[in-house]
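Novice: next one to model:
(chains A, B, C, D, E, F and G)
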Amino acid sequence: MSAAKRLIPLLDRVLVEKVVAPTKSLGGVLLPEVASAKINQGTVLAVGPGRRTSTGELIPVGVKAGDKVLLPEYGGTPVKLEDTEYMIFRDEELLGVLQN
Amino acid sequence: MSAAKRLIPLLDRVLVEKVVAPTKSLGGVLLPEVASAKINQGTVLAVGPGRRTSTGELIPVGVKAGDKVLLPEYGGTPVKLEDTEYMIFRDEELLGVLQN
Amino acid sequence: MSAAKRLIPLLDRVLVEKVVAPTKSLGGVLLPEVASAKINQGTVLAVGPGRRTSTGELIPVGVKAGDKVLLPEYGGTPVKLEDTEYMIFRDEELLGVLQN
Amino acid sequence: MSAAKRLIPLLDRVLVEKVVAPTKSLGGVLLPEVASAKINQGTVLAVGPGRRTSTGELIPVGVKAGDKVLLPEYGGTPVKLEDTEYMIFRDEELLGVLQN
Amino acid sequence: MSAAKRLIPLLDRVLVEKVVAPTKSLGGVLLPEVASAKINQGTVLAVGPGRRTSTGELIPVGVKAGDKVLLPEYGGTPVKLEDTEYMIFRDEELLGVLQN
Amino acid sequence: MSAAKRLIPLLDRVLVEKVVAPTKSLGGVLLPEVASAKINQGTVLAVGPGRRTSTGELIPVGVKAGDKVLLPEYGGTPVKLEDTEYMIFRDEELLGVLQN
Amino acid sequence: MSAAKRLIPLLDRVLVEKVVAPTKSLGGVLLPEVASAKINQGTVLAVGPGRRTSTGELIPVGVKAGDKVLLPEYGGTPVKLEDTEYMIFRDEELLGVLQN
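Specialist: Just a heads-up that it's a prediction; the model follows:
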């Protein structure tokens, strides 16, 4: 089993795989670096159990594995698991869920 | 269905489409860039379920899809969905609702 | 109906019209810009429903439309509605109410 | 009725008139500006209804009109009402009450 | 009655008189200024009624008049009452009580 | 018993031993310093009893001794016990648990 | 009774005596200043009654007199009592307890 699959996020954290940007445009033109840096969508791979409020109540995470999510421009923690880059976000940082 | 229609904001976020500024004045004079930058109104496209208080209670969002809202001068997160620019605000950032 | 009248502030926000400073003194002398900048009174045009505490309780706004209020030197958000400048304050920013 | 008497402070605010510093010492020597700047006592003219806690409970203001109070070196908001300078403090900023 | 005796601190404030540093060492040598600046003990002259928590409960002050207290290196507000310098601390700033 | 084994972390702290980076690559090439600095995994050696919420409720630590954890890029306190370097993290700083 | 023994810390404060660093190594070599600065262990001499939460509940201190504690690299307040240097920490700053 890959490390990404073995990772269980803690608290309200969400493990996200960024949507891979095509390295070439449809017409075969190589897309510049900056375009790939602006990817703002990803797929949720795993979520934590949630966060506790100051009164000790558990607030479950608002997304689930498989969800396609809209990512914030800043924030999140990049993590490398077996040479692949993933992102970990706090539940609260994710902007929205994209439905099919 | 367009990406903007497929997006469900998380927590107390609100997806807003800024009111398009006319590129020409009534008399046909081209309006300078700065005028368009000062648009402070928008239409709510979608809202999240709300935010939980520290005691775990859900506070629903104060606006609904279709509402015309007064936007703050600063704040909000620009998001690009299928080449169109939208704004995402936290419910609390919106200044007011404009009634018809 | 004017935009200012159509605006319903959100949360604990208060729409205020600053008391217009006379452009000339009683003796007809033109008052300098700085005097007009120091206006610290205004009239409440509209108020929001109030703010919720961390336990979800609604705290209504402490002023009402028509109140003459003492404004803080700093703070508030200027908004332009149909070419007229108004101010939006959080309820908590207003210093006091001036009785007749 | 003077503006100072017509003002009802909002929340936990306290309207204070600083104790007037004598412009001359007992021996008739003109006191320098700095001495007058160091006045740390005042008289409470009016108080607001109090502040609400995060659970919505009202905490009344700890001083009342007529109280002679010890003022902090920094803080407070100067307000001018009909050409007279007053200070507005949050209840919490006042250091103590001076009994007769 | 002296001003220091007439002062009733507000909230969780504590009026403290710093222990007077001897201006000469036992052997009669004049102590430099810096030594006097490092006094870290004082005597409590008066205490306020206490502070209210966010739920409105009163937390009484942890020291009482007459207590000899260990003072923090920084913090506290110097106040001058009838030409004598005192210190006002928030209850929470005091480090400890020195028993006889 | 070694100092690391004798240490009981306080509150929600977690004593972590970083996974030792191989000083040589599989092919025998000496790995540069920077590679070793990027270790983001460790083993939990001991955990504290947990943290209390503002209402006094105990929130136990989300990991246990023996857990393999994903560490944040920044944060944590390095501690030296008998010449060996360990890390102490607040429970909340750990990103996730890696299952076998 | 020495001043250190007479001191009762307030709130969640802990009076700590740093473990004295040997001024010479076992082989008799004089240790440089920097080594002594890195002492990260101490003995608890006295503890306060604890801290109250925002709901007024008392949280007792997690260590007791006699405990050997692991100290943070930064933080704590140095206090001098009868020419001896001690440290005062908030309960929360201490990293862990070293068992025998």
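
Novice: which residues in chain A form helices?
Specialist: Chain-ordered helices for chain A, with DSSP state H as the definition, fall at A:3-6, A:33-37.

Novice: between those helices, which gets the lowest average pLDDT?
Specialist: Note on the helices of chain A: helix A:33-37 shows the lowest mean pLDDT, a mean of 46.

Novice: now chain A against chain F: closest residue?
Specialist: Residue of chain A nearest chain F, by C-beta to the nearest C-beta: residue A:56 (3.9 Å). C-beta coordinates here come from the backbone N, C-alpha and C atoms, glycine included.

Novice: what about the strands in chain A?
Specialist: Along chain A, the segments classed as strands by DSSP state E run A:7-9, A:13-18, A:41-47, A:51-52, A:58-59, A:68-70, A:77-81, A:84-90, A:96-98.

Novice: minimum distance to residue G:43: which of those has it?
Specialist: With distances scored as C-beta to C-beta, the stretch of the strands of chain A nearest to residue G:43 is strand A:51-52 (34.3 Å).

Novice: parallel or antiparallel, list what pairs with the closest one.
Specialist: strand A:58-59 (antiparallel) (DSSP bridges).

Novice: which ones are touching the residue of chain A found nearest chain G?
Specialist: Distance from chain G to each residue of chain A (C-beta to the nearest C-beta) is smallest for residue A:54, at 8.1 Å. Contacts for residue A:54 (C-beta atoms under 8 Å, 6 or more residues apart in numbering or on different chains) come out as B:54-55, F:53-55.

Novice: how about JSON lines for the strands of chain A, with mean pLDDT, mean neighbour count and distance to residue F:78 added?
Specialist: As requested, the strands of chain A are exported to JSON lines (pLDDT from 0 to 100; neighbours: other C-beta atoms under 10 Å in any protein chain shown; distance: least, C-beta to C-beta, whole Å):
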{"stretch": "strand A:7-9", "mean pLDDT": "97", "mean neighbour count": "22", "distance to residue F:78": "24"}
{"stretch": "strand A:13-18", "mean pLDDT": "97", "mean neighbour count": "23", "distance to residue F:78": "23"}
{"stretch": "strand A:41-47", "mean pLDDT": "97", "mean neighbour count": "20", "distance to residue F:78": "29"}
{"stretch": "strand A:51-52", "mean pLDDT": "89", "mean neighbour count": "18", "distance to residue F:78": "27"}
{"stretch": "strand A:58-59", "mean pLDDT": "90", "mean neighbour count": "15", "distance to residue F:78": "32"}
{"stretch": "strand A:68-70", "mean pLDDT": "97", "mean neighbour count": "22", "distance to residue F:78": "35"}
{"stretch": "strand A:77-81", "mean pLDDT": "92", "mean neighbour count": "16", "distance to residue F:78": "20"}
{"stretch": "strand A:84-90", "mean pLDDT": "96", "mean neighbour count": "17", "distance to residue F:78": "22"}
{"stretch": "strand A:96-98", "mean pLDDT": "97", "mean neighbour count": "21", "distance to residue F:78": "39"}
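
Novice: of these, which is nearest residue B:99?
Specialist: Distances from residue B:99 to each of the strands of chain A were compared by C-beta to C-beta, and the smallest falls on strand A:96-98, at 26.9 Å.

Novice: excluding sequence neighbours, find me the nearest residue to the spatially most central residue of chain A.
Specialist: For chain A, the residue nearest the mean C-alpha position is residue A:16 (2.3 Å; C-alpha atoms, centre = their mean). Closest residue to residue A:16 in three dimensions, ignoring its sequence neighbours and counting by C-beta to C-beta, 6 or more residues apart in numbering or on different chains: residue A:42, at 4.1 Å.
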